[in-house]
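Novice: no sequence on this one, just coordinates:
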């Protein structure tokens, strides 16, 4: 079956622009995660959804970052007034179970954001 | 200091060699330990998962966890050029086990 898909795969934004990154999780997966991966680094947790509820947003680096999953399926990560330090790969992952304990997370290919 | 430390390499080995990768960590609450493989321009893919201390083997891959030393390892036997990738260790187990903490990743090249 289809895995996690993300769009766009590449995004170039001018500093100060708003961007929206989309994640389509594996069908039926309850849990959805966003991670930020800077160049040469491992992914860093941003936020976690269980269905449509955002249960943890402790990793969002500033109030310019906002994520939603209104119908418990597709999710959008929005970054307002982008800065150069926002340049990174944004990874989405989903899991078929609730995230209260460890379960395998299936990652998408990521969106590479470059802010000029 | 980061919670999870991993030597970024790069590591280059000839085909057929044993690849040895490791991570150290500082948070004693970690109890789930994972190794992910990430090819260029792709998302991470789970290779091995271990709960608590001990060894786990899956084909050419062996994962070891030593919680007393806060040290985990991944060994790849009979390495192949297709094993060339970045290998990320990850762990979880604080109050929210879903929140993975990753190492920086080690880039491995297996030369034919």
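Specialist: Received it, and whenever you're ready, just let me know what you need. None of these values were measured; they are calculated from a predicted model.
Novice: from what I can see residue A:86 touches residue A:116, true?
Specialist: No: using Cβ atoms under 8 Å, residue A:86 and residue A:116 do not qualify as a contacting pair, with a distance of 11.2 Å. Placement of C-beta: from N, CA and C, glycine included.
Novice: More neighbours: these two, which one.
Specialist: Shown here are residue A:86 and residue A:116; by other Cβ atoms under 10 Å in any protein chain shown, residue A:86 has more neighbours (21 against 10).
Novice: So what does that one have for phi and psi?
Specialist: phi -80, psi -10 (degrees, to the nearest 10).
Novice: Could you measure from it over to residue A:114?
Specialist: As defined by Cβ to Cβ, to the nearest Å, residue A:86 lies at a distance of 9 Å from residue A:114.
Novice: Quick one: residues contacting the residue lying closest to residue A:24 once chain neighbours are set aside.
Specialist: Nearest-residue entry for residue A:24: residue A:5, 4.5 Å, with adjacent residues in sequence omitted and distances by Cβ to Cβ, 6 or more residues apart in numbering or on different chains. The contact partners of residue A:5, by Cβ atoms under 8 Å, 6 or more residues apart in numbering or on different chains, come to A:23-24, A:108-109.
Novice: what does residue A:59 give?
Specialist: If you count contacts by Cβ under 8 Å, 6+ apart, residue A:59 has them with A:36, A:44-47, B:99.
Novice: Closest to residue B:9 out of these?
Specialist: Nearest to residue B:9 among the contacts of residue A:59 is residue A:44, at 20.0 Å by Cβ to Cβ.
Novice: what's the burial count for the residue lying closest to the closest one once chain neighbours are set aside?
Specialist: Once flanking residues are discounted, residue A:44 sits nearest to residue A:36: 5.0 Å by Cβ to Cβ, 6+ apart. Counted with other Cβ under 10 Å, the neighbours of residue A:36 add up to 21.
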